[in-house]
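Student: What shape does this take:
(2 chains)
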Amino acid sequence: MKGNSAVEGALRCYPTWWRARYADEVRAVTDDLTLEGRSTTRVALDLLLGALKVRARAEGMPKVYRLWATRTRLSIAAATLPWLLTAPLVLIAMGNQSLHSSAGRVFPPQLTVFGTNDLLVMGRHAPIPAPSLAPAGRIVVGATLAITVLFLLTVVVLAIGWIRFSGGVGLSSAHRRRVALLVWAPGFALLADIAVVIAQTLVRPTSYQSSGGGAMVPLNGHPEATHVLGIILAVVAIAGWLVSIVCVAMAAKRAEVVPKDLRFGRNVSVIVASLFAALLAAYAIWGIGLIMQTHQAAHGNFTTIAYSNQYLWLPMVLLLIVTLSLSAFSARAAARSWRVISLELL
Amino acid sequence: MASKRLGRTQDPTILVLTSLSGGPKHGYAVIKDIESMSGVSFGPGTLYGVLARLEEEGMVEPLPAEGHRRPYRITGVGAAVLRERLEVTVKVADVAFKRLGALGA
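Tutor: This next block holds a predicted model:
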């Protein structure tokens, strides 16, 4: 019974079209194999691996527009959602920048975007020029700039894709109200964030008075409510971000969009996967630059750049490699599915 | 042990086509046939992955089901592809045997 449920569970991992075509035959073969003594666990694992291959390659999938359009939409979602899931974590895994030097505290404490400021340290009587930035620090500055530009560029590409997708759903989907709600989830999440930010602004104290002991006492507003709203904002932002990803994935499965929107989505997925690869490269270079400048600072008097969460670099690189692989594989699947649609089904 | 390692590297497509070249067979019969001729033991996930691909490429075709068991047979295209692949394999095998002979192995 346990073996049968494992086999049935593995069969459920296959696409519906595959189960409709082969499931009865596979059950018959499985019965014969288990009767002769083959382990049901081994059979179930083989089926599970087979299900993954069928889902990845779509070999034998009937040449029906609806099936291939769904596959294209899901591939587009699988190519873009890993970026949405992990790219914000890259920014979190970098943290806040600070500057350090053996000559003392460096100010301004952060570099400009292009790393062009004149750095100073406090001398005995007046500020004096800080030691020059470690040569590898320039690599860190360049990589940080590249990460920022790639991040913003991808946001723009995704926003354009999302606008096109939501417009396409409004025009052609059979369950367009339900699907439109799912598609608009990121918009609702953003509105919720804005509402909490406004509420926080309304209750935040704006004027303070010294209490005498060095502490500042607010003269207006509600500091406790401001603190609580800060926590609520973090929860709403994270929950909204994750719920948006799930909703867009569900919408991608259910929505019906016209072929030219599918082609557009294919392009978006390929561009996002390419930008994702560039982001990984920039982030890897950023981390290597940080390591190099530490070595340079150990052998000379340099100003170095540090980031509050830079210790997360290696795990983040590994996570990015995994998610980028999924994104690139899915973008390729989207391109191949679209090729089948355009060459054989239109 | 060495033959087992070689068995794992054999191309499932060739094995399935070779099995069906002996006449139409359903899934379990194909698995047993491949097992007896090559020592490779397929699971149903592997077999039906290959069958689906071969069916899509027109190299095998399903026959009417007998209960839950559906036999498959090799098509003309499948037979031609199998012959072509085997000719290459035989050529490679000839060269390999000659070279092994020269080595005295």
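Student: Buried ones in stretch B:48-64, by neighbour count?
Tutor: Of the residues in stretch B:48-64, those scored as buried under the neighbour-count criterion (16 or more other C-beta atoms under 10 Å in any protein chain shown) are B:48, B:49, B:50, B:51, B:52, B:53, B:54, B:55, B:59, B:60, B:61, B:62. For every residue, glycine as well, the C-beta is placed using N, CA and C.
Student: Out of the residues you listed, which two are the most distant from each other?
Tutor: Considering C-beta to C-beta, no two members of those lie farther apart than B:49 and B:61, which are separated by 17.1 Å.
Student: just so I have it, where are all the helices in chain B?
Tutor: Taking DSSP state H as the test, the helices found in chain B are B:2-8, B:12-21, B:27-38, B:44-56, B:76-103.
Student: of all the ones you listed, which gets the most neighbours per residue?
Tutor: Each of the helices of chain B was given a mean neighbour count from mean count of other C-beta atoms under 10 Å in any protein chain shown, and the largest, a mean of 23, is that of helix B:44-56.
Student: How about the contacts made by the most centrally placed residue in chain B?
Tutor: Centre of chain B computed as the mean C-alpha position; nearest residue by C-alpha atoms, centre = their mean is residue B:15, 1.1 Å away. Residue B:15 makes contact with B:34, B:37, B:38, B:40, B:42, according to C-beta atoms under 8 Å, 6 or more residues apart in numbering or on different chains.
Student: quick check, nearest of these to residue A:217?
Tutor: Checking these against residue A:217 with C-beta to C-beta, the nearest one is residue B:42 at 77.9 Å.
Student: any idea of the pLDDT on the nearest residue to that closest one once chain neighbours are set aside?
Tutor: Residue nearest to residue B:42 in three dimensions, not counting chain neighbours: residue B:31, with 5.1 Å by C-beta to C-beta, 6 or more residues apart in numbering or on different chains. The predicted local distance difference test score for residue B:31 is 95.
Student: can you map out the helices along the stretch 101-250 of chain A?
Tutor: Secondary structure of the stretch 101-250 of chain A, counting by DSSP state H, counting those that start in this stretch: helices at A:135-172, A:176-183, A:185-203, A:223-254.
Student: mind listing what's buried in the helix or strand harbouring residue A:282?
Tutor: Element membership of residue A:282 [criterion: DSSP states H and E] is helix A:259-298. Of the residues in helix A:259-298, those buried by neighbour count under the rule 16+ other C-beta under 10 Å are A:261-262, A:264-273, A:275-276, A:279-287, A:289-290, A:292-293, A:296-297.
Student: and the angle from it to helix A:135-172?
Tutor: 160 degrees (axes from the mean of the first three to the mean of the last three C-alpha atoms, to 10 degrees).
Student: Helix A:259-298 packs against which elements?
Tutor: helix A:65-94, helix A:135-172, strand A:303-307, helix A:313-340 (3 or more C-beta pairs under 8 Å, 6 or more residues apart in numbering or on different chains; DSSP states H and E).
Student: Tell me, how many residues neighbour residue A:164?
Tutor: By the other C-beta atoms under 10 Å in any protein chain shown criterion, the neighbourhood of residue A:164 contains 16 residues.
Student: residue contacts, it?
Tutor: Per C-beta under 8 Å, 6+ apart, neighbours of residue A:164: A:261, A:264, A:265, A:268.
Student: how about a cut-off of 6 Å?
Tutor: Taking C-beta atoms under 6 Å, 6 or more residues apart in numbering or on different chains as the criterion, residue A:164 is in contact with residue A:264.
Student: hmm, back to that, columns mean pLDDT on top of the helices and strands packed on helix A:259-298, output as CSV?
Tutor: Listed next are these as CSV, based on pLDDT from 0 to 100:
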stretch, mean pLDDT
helix A:65-94, 91
helix A:135-172, 88
strand A:303-307, 90
helix A:313-340, 95
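Student: Report whether stretch A:337-346 contacts chain B.
Tutor: No. For stretch A:337-346, no contact with chain B is found by C-beta under 6 Å from any C-beta of the partner chain; the gap never falls below 11.3 Å.
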